[in-house]
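# Following is a predicted model, sequence given first.
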Amino acid sequence: MEGVIDAHTRHLLTVRPGFDWTVTEFVRVVDARLPPRVFYKHCPELQQDRITTPSGIPVHLQLLGSDPEALAANAQQAVRLGAVSLDLNFGCPAKLVNRHDGGASLLRDPARVERAVSAVHRAVDGAIPVTAKIRLGFSHRRLALDCARAAERGGASQLVVHARTRDEGYRPPAHWEWIARIRQHVSIPVVANGDIWSLQDYWRARTLSGCDDVMLGRGALADPWLASRLRHWQRTGETLPPTPWHVRADILCSYAALQRSTLPNRVVVSLLKQWLNHMRGRDPEAAQRFQRLRRLTDLDTFLAGLAEGTAQETSL
Ligand SMILES: Cc1cc2nc3c(=O)[nH]c(=O)nc-3n(C[C@H](O)[C@H](O)[C@H](O)COP(=O)(O)O)c2cc1C
């Protein structure tokens, strides 16, 4: 997720069991082959022997673009740099990206989805899997099935479907039942995505979509233990208790410790506010702390505010 899921976040989210794989923020492909540093910036894991988080969870690289030739050239570059899987983004709703003919704008013309996937598929020549991420359409759902079929025809080995159109942005509800319709028209595995914030959402999304697998987005930032909760429930049928605030604060403090080695403190504070903002919709304690800390700019004061009172909480 652009601007919110970098390598440090991927690391922290995958420390506990739950995720099977993760995806980078998109690498924006316009017209030329990008230099290695751009790939390394989005996916520092490429500089390791194994393209995984420190816990061993694979990291897939995502490309966003519309020009088949440029996508193909960058796919080859990604393979050369060691990528283990390439995902193509046909879901981004950002106005700037769509104005430049990227992300969800291709969903207006399924043939273009097919050409983009096919160019990348041919370019990697079977060396690594190519997957696609789509929404249900741009401003309507009439082409949803065609777009899914186009991605499959192009050679995608898996499809993640964010169950909203581009114009629906991130507004609830996600139309998981549409994913079930898509599943009937393709034979590749389909992963359900959109609005999975809890075990109940997970269960409803699976039931309505018929998918075995789901992708978590904002829900994993709001509750970094969500994937573990789902996994624990799958394995045992039991639900884990909510995570106490001091444990939530710990993950934010670990995030700051990782980020502050390379970024200025004020940037780290902004990143912490961004993550706390994702947490606060589902967690009253996070909401209170956000209110109290949101005007702070000093990193150590911010961290103290996150941890305040947690020693007591621990000893309770
Ligand atoms: C801030 C933000 C950045 C995102 N960046 C990406 C991205 O780079 N690539 C991508 O495939 N999806 C991206 N998404 C979409 C999410 O992956 C996901 O499809 C969407 O948020 C719906 O799932 P959710 O309701 O679980 O969040 C982004 C979403 C948000 C909110």
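Looks like it came in fine.

# Is residue 69 within a helix or a strand, and which one?
Taking DSSP states H and E as the definition, residue 69 sits inside helix 68-80.

# Tell me how far residue 150 lies from residue 248.
42 Å (CB to CB, to the nearest Å). C-beta: built from backbone N, CA, C; applies to glycine.

# quick one, which of these two is more surrounded?
Shown here are residue 150 and residue 248; by other CB atoms under 10 Å, residue 150 has more neighbours (27 against 23).

# what's around the closest residue to the ligand within the chain, how many residues?
Closest residue of the chain to the ligand, CB to the nearest ligand atom: residue 217 (2.6 Å). Here the count is done by other CB under 10 Å, and residue 217 has 18 residues near it.

# how near is it to residue 132?
In this view, residue 217 and residue 132 are 16 Å apart by CB to CB.

# buried stuff in stretch 226-237?
Neighbour-count burial for stretch 226-237 flags 226-232 (criterion: 16 or more other CB atoms under 10 Å).

# and the helix or strand harbouring residue 208 with the ligand, contact?
Per DSSP H and E: residue 208 is located in helix 199-209. No. Using CB under 6 Å from any ligand atom, helix 199-209 stays clear of the ligand, coming no nearer than 8.9 Å.

# Give me the mean pLDDT for that helix.
The average pLDDT within helix 199-209 is 98.

# Which strands or helices does it pack on?
helix 176-185, strand 190-193, strand 213-215, helix 226-236 (3 or more CB pairs under 8 Å, 6 or more residues apart in numbering; DSSP states H and E).

# With mean pLDDT and distance to residue 85 as added columns, please give the ones you listed in CSV.
Output for these, formatted as CSV (pLDDT from 0 to 100; distance: least, CB to CB, whole Å):
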stretch, mean pLDDT, distance to residue 85
helix 176-185, 98, 21
strand 190-193, 98, 13
strand 213-215, 98, 14
helix 226-236, 97, 19
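
# Now the ones you listed in a markdown table, please, with extra columns for distance to residue 141.
Converted to a markdown table, those look like this (distance: least, CB to CB, whole Å):
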| stretch | distance to residue 141 |
| --- | --- |
| helix 176-185 | 6 |
| strand 190-193 | 15 |
| strand 213-215 | 19 |
| helix 226-236 | 27 |
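
# Output those as JSON lines; include the columns distance to the ligand.
Converted to JSON lines, the helices and strands packed on helix 199-209 look like this (distance: least, CB to the nearest ligand atom, whole Å):
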{"stretch": "helix 176-185", "distance to the ligand": "11"}
{"stretch": "strand 190-193", "distance to the ligand": "5"}
{"stretch": "strand 213-215", "distance to the ligand": "7"}
{"stretch": "helix 226-236", "distance to the ligand": "10"}
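
# Understood, closing this out.
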